[in-house]
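> Sequence and predicted model, in that order:
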Amino acid sequence: MRRKQVLVVLLAVMISPAWLFGAGTVSGKVTYTGTPAKQKTIDMSKEPSCAKQHAAPITTETVVTGANNALENVVVYISAGAPDESSAPSQAVTFTQKGCQYIPHVLAMRAGQELKVVNDDQTAHNIHPLAKVNHEWNKSQPPGTPPLSEKFEKEEFIPVKCNVHPWMRGFFAVLKTSHYAITADNGSFSLPNLPPGKYTITAWQEDYGTQAQDVTISGSETKTVDFSFKAKPY
Amino acid sequence: MRAVASIFGITILGLSLASAQNGGVSSGYPTPKGNFTNSQQRGHGLYLRYCVGCHGTYGDGNGENAPYIDPKPRDFVTATFKCRSTPTGTLPTDEDLIHVLKTGVEASGMPSWLPLSDQNRADLVAYIKTFSPRWQSEKAGEPIKVPAEPPVTKESLVHGGELYQKMECWKCHGQQGRGDGPSAPTLTDSKDQPIRPYNFADGGNDAHFKCGDSNQDLYKIFMTGVDGTPMPSFADVIQPNDAWDLVHYLRTLQTHRRSKENEVLKAAGGKIPVKTTAQ
């Protein structure tokens, strides 16, 4: 029995690309220089059912920062050189409207992957992705209705808004690759399981735009790639 | 003098013949000789004569009149169209576009183009479809099914009124449908231009909806959404029969328009018992 288990593990290791090529990792941190614009406080008094969900008034999330100039909500992904991944994961990604906020503020997904949109609020929202490469659509989701199921077929960073609650703004990052990460509150990211090769790593921030760097992975190594954005004061 | 008179006579004769036959119009502009089909070429000439001032040379809605127009002219490059029989996010059918050319778009700068012939309208549609590559890679959406309209009853008005509350239509359109709901002042279209919600109470006996004036048109407006504007599609959250009840209720918000809905409302005492949500 034990021998059988060992065999299964050995087989799994042998067929994994990581064993064949050696899997590298690109990790790093995204920071800013200068002074970012002060985020605006949101007045939700017109929507009491949402306002009461927040102990203190929340702010816009165009630029979210952490300690040591860390930049949160930055999408870091492989924009060139990623191994071809033909099919999107079967598991859906979820975008939740709660307290008249989008959670998460930036949601990344593979092109063709199922997107579930959930309304956890006691008010109706309309989900309005302002797509240009994909198709713009606009759907109402009153309270208590089931999640909406959607997908986007082409790579694009799509602003999402709710017209009823104009402070609700978020982004869908639709990517061709599964090798992506969204920076945490300390600005860090990690892109594991990269076979040897030359890659372009791109970082996208909704207000500051994109930056790209090339990196070469030659085995099971970890390369550090850091990004620094110049903050817009206004 | 005689020559002038005969030219005048011929002109009058020509004009009356044209109007008698409704043969449409020709643009008077030279048409390009590119890869266009004959229909697209004719449409291009008509476009330069009638549409370019607002929709622009490149079809992007930036014609020379555009800065003075509210709401802004359609951008044919994005191929996002307001009035469709097809689901939100899909391309309209040719019939949808022809319908808009016939009826115009209410409360906007887009007039109806009834003097054009059917062939003129078909040519214009063929031409405006050259502005976006979407027309090459995609088919028009499948038109939504509109079931036969049930009779208007007091009950359907009451149920429609309940839906108006439940779907929170009043958030933008207001409790009386006057376009003055709490979200109305902050609404913007997809190009961040301020936009007003439709005011049902405005207009007299000939009041039109945004995309036509029949009950079927109204059904399609909220079941497909008005793409490019804040008005979403309710197709996922309203069942077809419930949708008819909402149509009947919305008609009663057109207080100055004679309709079977307003007659039923009058017979019911002029008021229906709808509990309004706190505003």
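That came through fine.
> can I have the strand or helix carrying residue A:25 written out in CSV, keeping just the CAs?
Residue A:25 is part of strand A:24-33 when elements are defined by DSSP states H and E. In CSV, the C-alpha atoms belonging to strand A:24-33 read as follows (Å, rounded to 0.1, in the frame of the first residue of the first chain):
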residue,chain,number,x,y,z
GLY,A,24,11.0,29.6,-11.0
THR,A,25,9.2,32.4,-9.2
VAL,A,26,9.1,36.1,-9.7
SER,A,27,8.3,38.1,-6.6
GLY,A,28,8.6,41.7,-5.6
LYS,A,29,7.0,44.7,-4.2
VAL,A,30,5.1,47.6,-5.7
THR,A,31,5.7,51.0,-4.1
TYR,A,32,5.1,54.7,-4.9
THR,A,33,7.2,57.8,-4.7
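> Which positions within the next helix or strand after it qualify as buried?
For strand A:24-33, the following helix or strand on the C-terminal side (DSSP H and E) is helix A:48-51. Neighbour-count burial for helix A:48-51 flags A:50-51 (criterion: 16 or more other CB atoms under 10 Å in any protein chain shown). Using the backbone N, CA and C atoms, a C-beta is placed for each residue, glycine as well.
> Next secondary structure element downstream of helix A:48-51?
Of the helices and strands lying after helix A:48-51 in sequence (DSSP H and E), the nearest is strand A:64-66.
> which residues sit against the following helix or strand past that following strand?
Using DSSP H and E, the helix or strand that follows strand A:64-66 in sequence is strand A:70-72. Applying CB atoms under 8 Å, 6 or more residues apart in numbering or on different chains, the contact partners of strand A:70-72 are A:29-32, A:63-66, A:183-188, A:205, A:229.
> related to what we said a few turns ago, so for the strand holding residue A:25, mean pLDDT?
In this model, strand A:24-33 has an average pLDDT of 97.
> Give the buried residues for that strand.
For strand A:24-33, a neighbour-count test (16+ other CB under 10 Å) marks A:24, A:26-32 as buried.
> now stretch B:255-268
Judged by neighbour count using 16+ other CB under 10 Å, the buried positions of stretch B:255-268 are B:255, B:257, B:259, B:261-262, B:264-265, B:268.
> go on, stretch A:129-141?
By neighbour count on 16+ other CB under 10 Å, the buried set for stretch A:129-141 is A:129-131, A:134-141.
> Between the two ends of stretch A:103-115, how far is it?
By CA to CA, to the nearest Å, the extent of stretch A:103-115 from end to end equals 13 Å.
> and what of stretch B:134-148?
End-to-end for stretch B:134-148, by CA to CA: 33 Å.
> just how off-centre is that stretch within its chain?
16 Å (CA atoms, centre = their mean, to the nearest Å).
> now stretch B:88-98
Mean C-alpha position of stretch B:88-98 versus that of the full chain (CA atoms, centre = their mean) differs by 11 Å.
> And stretch B:173-182, by the same measure?
20 Å.
> returning to what we had before: and of the contacts of strand A:70-72, the nearest to residue B:137?
Among those, residue A:205 lies closest to residue B:137 (CB to CB), at 30.7 Å.
> re the thing from before, of all the contacts of strand A:70-72, which two lie farthest apart?
Spatial extent of the contacts of strand A:70-72 (CB to CB) is set by the pair A:63 and A:188 at 17.2 Å.
> need the contact list for residue B:193.
Listed by CB under 8 Å, 6+ apart, the contact partners of residue B:193 are B:70-72.
> if you set the cut-off to 7 Å instead, what comes out?
For residue B:193, the contact set (CB atoms under 7 Å, 6 or more residues apart in numbering or on different chains) comprises B:71-72.
> go on, residue B:220?
By CB under 7 Å, 6+ apart, the contact set of residue B:220 is B:85, B:144, B:146.
> And for the second one, the neighbour number?
Same thing as residue B:144. Residue B:144: 17 surrounding residues under other CB atoms under 10 Å in any protein chain shown.
> One more: the last one?
Applying other CB under 10 Å, we find 17 residues neighbouring residue B:146.
> what about it, distance to residue B:235?
11 Å (CB to CB, to the nearest Å).
> And the first one, by the same measure?
When CB to CB is the yardstick, residue B:85 and residue B:235 sit 12 Å from each other.
> and these two? which has more neighbours close in?
Applying other CB under 10 Å to residue B:85 and residue B:235 shows that residue B:85 carries more neighbours, namely 24 against 18.
> Isn't the more buried one up against residue B:144?
Yes - using CB atoms under 7 Å, residue B:85 is in contact with residue B:144, at 6.3 Å.
> okay, and the common contacts of those two?
Jointly contacting residue B:85 and residue B:144 under the rule CB under 7 Å, 6+ apart are B:220, B:224.
> you'd agree residue B:251 is up against residue B:258?
No - when contacts are counted by CB under 7 Å, residue B:251 is not listed as touching residue B:258 (10.3 Å).
> How about residue B:97: what's its closest non-neighbour residue?
Using CB to CB, 6 or more residues apart in numbering or on different chains and skipping the chain neighbours, the partner closest in space to residue B:97 is residue B:125 (4.7 Å).
> Rounded mean pLDDT for stretch A:137-157, please.
For stretch A:137-157, mean pLDDT is 97.
> Any buried residues in that stretch, and which?
For stretch A:137-157, the neighbour count (16+ other CB under 10 Å) marks A:137-142, A:148, A:150-152, A:155-157 as buried.
> and it, how far apart are its ends?
End-to-end distance for stretch A:137-157, by CA to CA: 15 Å.
> Would it count as contacting chain B?
Yes - for stretch A:137-157 and chain B, the contact criterion (CB under 7 Å from any CB of the partner chain) is met by A:137-142, A:145, A:148.
> With stretch A:93-108 instead?
No - using CB under 7 Å from any CB, stretch A:93-108 never reaches chain B; the gap is at least 11.8 Å.
> Tell me which two in the buried residues of stretch B:255-268 are the farthest apart.
Farthest pair in these (CB to CB) is B:257 and B:268. Separation: 17.4 Å.
> What ranges in chain A fall below the confidence cut-off?
For chain A, the stretches flagged by pLDDT under 70 are A:1-22, A:84.
> Kindly state the domain boundaries assigned to chain A.
A:23-84+A:179-234, A:86-176 (automatic domain parsing).
> how far does the longest one stretch from start to finish?
Taking CA to CA, domain A:23-84+A:179-234 runs 42 Å from one end to the other.
> now the shortest one
Taking CA to CA, the span from the opening residue of domain A:86-176 to its closing residue is 9 Å.
> any idea how far it is from the chain center?
Distance of domain A:86-176 from its chain centroid, counting by CA atoms, centre = their mean, is 12 Å.
> What of the first one?
Its chain's C-alpha centre and that of domain A:23-84+A:179-234 lie 8 Å apart, by CA atoms, centre = their mean.
> what does chain A put close to chain B?
So chain A meets chain B at A:46, A:123-124, A:126, A:128, A:130, A:132, A:135-142, A:145, A:148, A:163-164, A:166 (CB under 7 Å from any CB).
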